[in-house]
Every structure is written in C-alpha cells, then in structure tokens.
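Colleague: I'd like to go over a predicted model; first the sequence, then the structure.
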Amino acid sequence: MTSVSAPHSAPLIVITGPTASGKTRRAVDLARAIDAEIISADSRQIYRGMDIGTGKDLAEYGDVPVHLIDIAPAGYKYNLFEYLRDYEIAAADIASRGKRAILCGGTGLYVESVLRGLRLPEVPANPALRDSLRGKSLDELTAILASMKSLHNTTDVDTAQRAIRAIEIQTYYLDHPEAAAQAEPHPLEDAVVIGVDVDRDTRRRRITERLHARLDEGMIDECRRLLDSGIAPDDLIYYGLEYKYLTLYLTGRLSLEAMTGELEIAIHQFAKRQMTWFRGMERRGFHIEWVPGNLPADEFTAECLRLIARS
C-alpha cells in the first residue's frame with residue numbers, strides 16, 4: 001500500500017482494544033500506510049527489562065518509530081502524571097517533523113486521559129499520610145478512596161500501594177484546590193478512535209496460547225533476572241498479572257501449576273476489565289469505531305483509512 005503523508009495538524013489516531021487483540025500489528029500496518037509514528041499507551045511496556053511478560057514484541061515495529069517504550073527502569077512506579085507529560089513531549093516531537101501520531105495500547109486510563117486532554121499537576125509524596133494508611137486492607141483503602149472520588153478507574157485499587165497513592169493524590173487536591181483546577185480536561189477534537197474487535201472465544205484462545213508461548217520463551221527466567229538484579233519482590237508484584245504471579249512462584253508462595261492456572265485466569269479477567277473500560281468510555285461520550293480483528297491486514301488498514309478520511 002502506498003504511503004500517504006498526513007498534514008501537520010491532523011487529528012490523533014488511536015488503535016486500542018483488549019490484550020491479545022493484535023492491536024500492535026494493526027497500528028504498525030496503518031503507520032506504514034500513512035507515514036506515522038506510534039506512541040505506546042501500555043502502562044507496563046514503559047519499563048526496561050520487562051519484555052516477554054509485557055509482550056513488547058519490539059521486532060513487530062520494524063522500521064516504524066515507537067515512543068514511550070523502555071523509558072523507565074523496572075522497579076520504578078511510573079504514574080499518570082508522568083505519562084501525560086511524556087506523551088505531550090512525544091506528540092510534539094512527532095508533529096515537529098510533520099508526521100502523524102498513532103496512539104496504540106490497551107491501558108484505558110492512558111488512552112482516555114489523552115483523549116480528554118487531561119493535564120495533571122505533580123503530586124509529591126506524603127510520608128505522614130502513607131504511614132497512617134500502612135497496614136490497612138485493600139477493601140479499607142478502596143472505601144477511603146471511594147469517599148473522596150468516583151472510582152471510574154479500577155486500576156487505582158488493584159493493589160494497596162496503588163490505592164494509597166490514589167488517596168495521596170486526592171488528599172493533595174483537597175488541600176490544594178488550585179492544583180485540582182489545573183486538572184480540568186480539555187478534550188481533543190476530531191480524534192479517530194479505532195477498536196480492534198475480537199470475539200470473546202477468540203480472545204480467550206489467544207490469551208491461553210500466548211501465555212504458554214511466553215512461558216516457553218523464558219518469561220520465568222526474565223522475572224528471575226529482575227529479582228536477581230535487586231528489585232524487591234513486592235515491587236514486581238506491584239505491576240500485577242505476569243510479574244505478580246511469576247514472583248509469587250519464584251519466592252515459593254505458589255507452585256508452578258498454581259501459578260500458571262491463576263495467571264491465566266487473571267489475564268482473562270484483565271481483558272474483561274479492559275472491555276468494561278472501553279464500554280464505559282463510550283458511555284462517557286467517546287466514540288470508538290470497532291473494526292473486526294479477523295479482517296485480513298490490507299482490509300483492516302483500508303477500513304482504518306476510510307474512517308480517518310471521513311473524520
């Protein structure tokens with residue numbers, strides 16, 4: 001397919017969908033068709049050394065430039081403020097070269113925050129608050145956070161550490177109303193949001209096949225190397241999914257069989273939560289054009305080009 005140049009001020013294109021939907025390959029094909037660059041919207045591919053478990057598949061990008069992958073060390077707790085800041089830098093860099101940006105990933109919080117034009121002030125750590133919350137259960141922390149804001153974002157309460165950070169942020173906003181005012185959104189106009197639509201049975205089959213392929217590729221050894229490098233087990237558990245269950249196995253808290261079974265269930269549940277998020281986005285006013293994920297590559301790209309031209 002012939003490459004098509006895009007105007008400097010062209011609206012953002014988003015390719016999203018649940019895990020194992022094949023969205024990266026679709027975004028790469030589209031990027032080649034319109035001479036675009038990709039900005040990742042994956043909250044774990046940010047980290048260096050976490051490759052197999054996060055499914056980076058860097059070779060899949062080929063000659064297409066990709067931004068916001070491998071930008072932080074494993075063990076670090078990257079946050080939404082940093083993502084939005086780094087997204088703006090990447091988007092400005094792409095636009096400065098007259099290229100078009102494709103935001104690709106399944107972290108709904110990142111995708112929706114970009115589309116909302118959200119700008120967040122930096123929130124410093126509050127050691128006294130953290131000390132007062134230490135030891136509380138996840139249910140207790142969730143209740144505290146729910147008393148402070150509506151819990152649209154379930155990733156805030158995936159772990160106690162995340163819930164404490166979310167409470168810390170909300171406390172800061174209450175104490176600094178001028179900072180909260182800065183966080184008012186300014187939605188992007190004319191963004192084209194394309195979802196890769198994969199039926200439930202296909203998605204479940206792909207998740208199972210991909211998990212076992214990654215285990216065969218050395219995902220356990222990857223996690224062992226991260227632990228051996230000095231990263232604390234709790235810091236890997238913080239990332240959830242693969243790194244949580246692999247760490248529980250490597251530290252003797254789960255058998256190999258239990259780890260594999262529980263991890264597979266957790267990934268299926270995660271994909272379901274992703275779809276719940278996307279449906280919630282639609283209810284909140286974001287239009288997602290769902291394109292069948294089983295289309296041949298050229299037909300999928302052609303449909304994306306049609307949707308883009310229509311915008």
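Modeller: Sure thing, it's come through.
Colleague: Three-state assignment for the nearest residue to D57 once chain neighbours are set aside, please.
Modeller: In space, D57 comes closest to T24 once its chain neighbours are excluded; the distance is 6.4 Å by C-beta to C-beta, 6 or more residues apart in numbering. Using the backbone N, CA and C atoms, a C-beta is placed for each residue, glycine as well. Following DSSP: H, G, I helix; E, B strand; the rest coil, we place T24 in the helix state.
Colleague: where does T24 land on pLDDT?
Modeller: At T24, the model reports a pLDDT of 97.
Colleague: which residues sit in contact with it?
Modeller: D57, E60, Y61, C104 (C-beta atoms under 8 Å, 6 or more residues apart in numbering).
Colleague: now, of these, which are buried?
Modeller: Y61, C104 (16 or more other C-beta atoms under 10 Å).
Colleague: distance of the residue nearest to D57 from S229?
Modeller: 27 Å (C-beta to C-beta, to the nearest Å).
Colleague: what average pLDDT does stretch 94-108 get?
Modeller: 96.
Colleague: same question for stretch 179-196.
Modeller: Mean pLDDT, stretch 179-196: 84.
Colleague: also stretch 219-239?
Modeller: Stretch 219-239 comes out at a mean pLDDT of 97.
Colleague: name the residues that touch stretch 109-119?
Modeller: Against stretch 109-119 from outside (C-beta under 8 Å, 6+ apart): 12, 14, 16, 41-43, 80, 83-84, 87, 103, 105, 153, 155, 182-188, 191, 193, 277, 281, 284, 286.
Colleague: do I have it right that K244 meets P233?
Modeller: No. Contact criterion C-beta atoms under 8 Å: K244 and P233 do not qualify, at 9.8 Å.
Colleague: of the two, who's got more company?
Modeller: K244 (23 against 17; other C-beta atoms under 10 Å).
Colleague: could you list the low-confidence segments of the protein?
Modeller: Applying pLDDT under 70 to the chain picks out residues 1-9, 151-158, 182-184.
Colleague: please go through it and pick out the longest helix.
Modeller: What stands out as the longest helix in the chain, according to DSSP state H, is helix 256-283.
Colleague: by contact count, what packs against the following helix or strand past that one?
Modeller: Moving toward the C-terminus from helix 256-283, the next helix or strand (DSSP states H and E) is strand 289-292. With contacts defined as 3 or more C-beta pairs under 8 Å, 6 or more residues apart in numbering; DSSP states H and E, strand 289-292 has these neighbours: strand 192-197, helix 297-310.
Colleague: would you mind finding the most buried of the ones you listed?
Modeller: Among these, ranked by average contacts under mean count of other C-beta atoms under 10 Å, first place goes to strand 192-197 (a mean of 22).
Colleague: adjacent strands (with direction) for that one?
Modeller: strand 13-16 (parallel), strand 289-292 (parallel) (DSSP bridges).
Colleague: and of these, who's closest to E217?
Modeller: strand 13-16 (24.5 Å; C-beta to C-beta).
Colleague: what does the closest one contact?
Modeller: 23, 26-27, 30, 36, 41, 100-106, 108, 111, 114-115, 191-196, 278, 288, 304, 308.
Colleague: G53 and L241, how far apart?
Modeller: Counting by C-beta to C-beta - G53 and L241 are separated by 8 Å.
Colleague: what is in contact with those two at once?
Modeller: R44.
Colleague: more neighbours: those two, which one.
Modeller: Shown here are G53 and L241; by other C-beta under 10 Å, G53 has more neighbours (24 against 17).
Colleague: close enough to count as contact, the more buried one and L246?
Modeller: Yes. Taking C-beta under 8 Å as the definition, G53 is a contact partner of L246 at 7.0 Å.
Colleague: which ones among the contacts of T24 lie within strands?
Modeller: C104 (DSSP state E).
Colleague: and E282, what does it touch?
Modeller: By C-beta under 8 Å, 6+ apart, the neighbours of E282 are I288.
Colleague: separation between it and L12?
Modeller: 18 Å.
Colleague: residues near A74, how many?
Modeller: 21.
Colleague: now the strands for this structure?
Modeller: Counting by DSSP E, the strands of the chain are 13-16, 36-40, 47-48, 66-67, 72-73, 100-104, 192-197, 289-292.
Colleague: out of those, deepest packed?
Modeller: strand 13-16 (a mean of 27).
Colleague: save the helices and strands packed on strand 289-292 as CSV, and put in distance to I207 too.
Modeller: As requested, these are exported to CSV (distance: least, C-beta to C-beta, whole Å):
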stretch, distance to I207
strand 192-197, 14
helix 297-310, 20
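Colleague: of the ones you listed, which is nearest H176?
Modeller: strand 192-197 (32.4 Å).
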